[in-house]
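Peer 1: coords please:
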Amino acid sequence: MAQKLVVVVDDAIPFVKGALEPYAEVRYCPGDKINRDIIKGADALLVRTRTPCNKELLEGSGVRFVGTATAGSDHLDTAYLESAGIAWSNAPACNASSVTQYVVSALLELSRRSRMPLAGKTLGIIGVGNVGSRVMNAATALGMRTLLCDPLRARIEGKKNFWYVMDMLSHCDVVTLHVPLIKEGPDRTLRLVNAEFLQEMQPHAWLINASRGSVVDNAALSVALRGGSIGGAVLDVWEDEPHLDLGLLSAVDIGTAHIAGYSQDGKANATTQVVQKMATVLNIEALKKFVAVPPADAALVISVDAFLKSNQDVIAEVYQQTYDIAQDNTFLRNNVEHFDSLRKQYAPRREPFAYKVKLQHGSDALYTALQSLGFSVELK
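Peer 2: Here you go, the predicted structure:
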């Protein structure tokens, strides 16, 4: 009789409990508690960002596959994994729509606070991959102009449609970051946003970072915000998480606990991808078509009357019912010492595609904008 497979799973990965047990012995553990003893004898390791997967953890363990249920993979020492013959996978694009939802909510909230309509304003997008491309489409639906910066794509596609980052900044009302953390080389993003970068931004401009904390020099940003050299900032990610710079938190307009990609749909996508990849590596035929599904909701219907309202006001009203970024901002400020718990116990959030909007007195332009933002729209 073949020996049963052993899989170690971060207990914060959702929609997986019960799915693996028919095929493997499953050991669930908090991500920051996973160690050499726990993975001893394991064939596979499924993690999130709190588990550095490197030689120190894995050497001699027998682990054949490491999967992270996250879009990013900078907590995996991929060079070591490949040299050791350990297959690995992340979940690219799993939470792209969720992060886009976060950015749109941030734009609408900043617009409300500053009383500056978004239509006609310019959004600079640094990193135009899975997330940045969706943000570009959403910004267009909001009536914004977009400028794009992506050195890798510029090298492949030509520079015509892309800006050099330092040339772009003075033209932007908002700059949003959607890049991986790259620590060296020509595409280095480590502390890309530094004092020089911030000095090139317009004094009224906002910065949004929902990528990686270390892409922004947090100390330099704190100085810029307190000195008034930029208009404001939204941070979902921070250097030295979960130990935040409290001075910076007090200076930003909106601060959240690394939850931009934490929609139920994004988590389900991530779990689906890593389980399917693990099944391929370990040859578990029954799990190769595994699909994680969020719990069924009651009908998610939003009714809105657009009579005498601007398109942006209607979109903001609809968005408020799908995700309230201001609430996450309050949660972090009131519970900053419980950063990890805010993430682990994050309330369920669904993406726009899960909602039907019943629109009354809406224009064709508003109907199209809501559809472009991902909603199913019914005219009443």
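Peer 1: strands along the stretch 251-380 of the chain, start to end?
Peer 2: 254-255, 301-305, 356-360, 376-379 (DSSP state E, counting those that start in this stretch).
Peer 1: ok, for residue 328, nearest residue in space, not its chain neighbours?
Peer 2: Excluding the flanking residues, the one nearest residue 328 by Cβ to Cβ, 6 or more residues apart in numbering is residue 256, at 4.4 Å. (Glycine included, C-beta is placed from N, CA and C.)
Peer 1: report pLDDT for the one you found.
Peer 2: Note on residue 256: pLDDT of 98.
Peer 1: list the contacts for it?
Peer 2: 102, 235-236, 325, 328-329, 331-332 (Cβ atoms under 8 Å, 6 or more residues apart in numbering).
Peer 1: okay, those residues in a markdown table with distance to residue 271 and pLDDT next?
Peer 2: Formatted as a markdown table, the contacts of residue 256 follow (distance: Cβ to Cβ, whole Å; pLDDT from 0 to 100):
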| residue | distance to residue 271 | pLDDT |
| --- | --- | --- |
| 102 | 20 | 98 |
| 235 | 26 | 98 |
| 236 | 21 | 98 |
| 325 | 24 | 97 |
| 328 | 22 | 98 |
| 329 | 27 | 98 |
| 331 | 24 | 97 |
| 332 | 25 | 98 |
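Peer 1: neighbour count and distance to residue 112 added to these, as JSON lines?
Peer 2: What follows is the contacts of residue 256, written out as JSON lines (neighbours: other Cβ atoms under 10 Å; distance: Cβ to Cβ, whole Å):
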{"residue": "102", "neighbour count": "28", "distance to residue 112": "16"}
{"residue": "235", "neighbour count": "27", "distance to residue 112": "18"}
{"residue": "236", "neighbour count": "26", "distance to residue 112": "18"}
{"residue": "325", "neighbour count": "25", "distance to residue 112": "11"}
{"residue": "328", "neighbour count": "24", "distance to residue 112": "15"}
{"residue": "329", "neighbour count": "21", "distance to residue 112": "13"}
{"residue": "331", "neighbour count": "19", "distance to residue 112": "19"}
{"residue": "332", "neighbour count": "22", "distance to residue 112": "19"}
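Peer 1: quick one: which of those residues is nearest residue 294?
Peer 2: Distances from residue 294 to these, taken as Cβ to Cβ, are shortest for residue 102 (17.4 Å).
Peer 1: how far away is the residue lying closest to the closest one once chain neighbours are set aside from residue 105?
Peer 2: Distances taken as Cβ to Cβ, 6+ apart place residue 260 nearest to residue 102, at 3.8 Å, with adjacent residues excluded. Using Cβ to Cβ, to the nearest Å, residue 260 is found at 9 Å from residue 105.
Peer 1: and for residue 113?
Peer 2: On the measure of Cβ to Cβ, residue 113 and residue 105 end up 13 Å apart.
Peer 1: so what pLDDT did the nearest residue to residue 24 once chain neighbours are set aside get?
Peer 2: In space, and not counting its chain neighbours, residue 24 is closest to residue 5: 4.0 Å by Cβ to Cβ, 6+ apart. Listed pLDDT for residue 5 reads 95.
Peer 1: okay, residue 260 and residue 105: which has more neighbours?
Peer 2: Neighbours per residue (other Cβ atoms under 10 Å) separate residue 260 from residue 105, with residue 260 holding more: 27 against 22.
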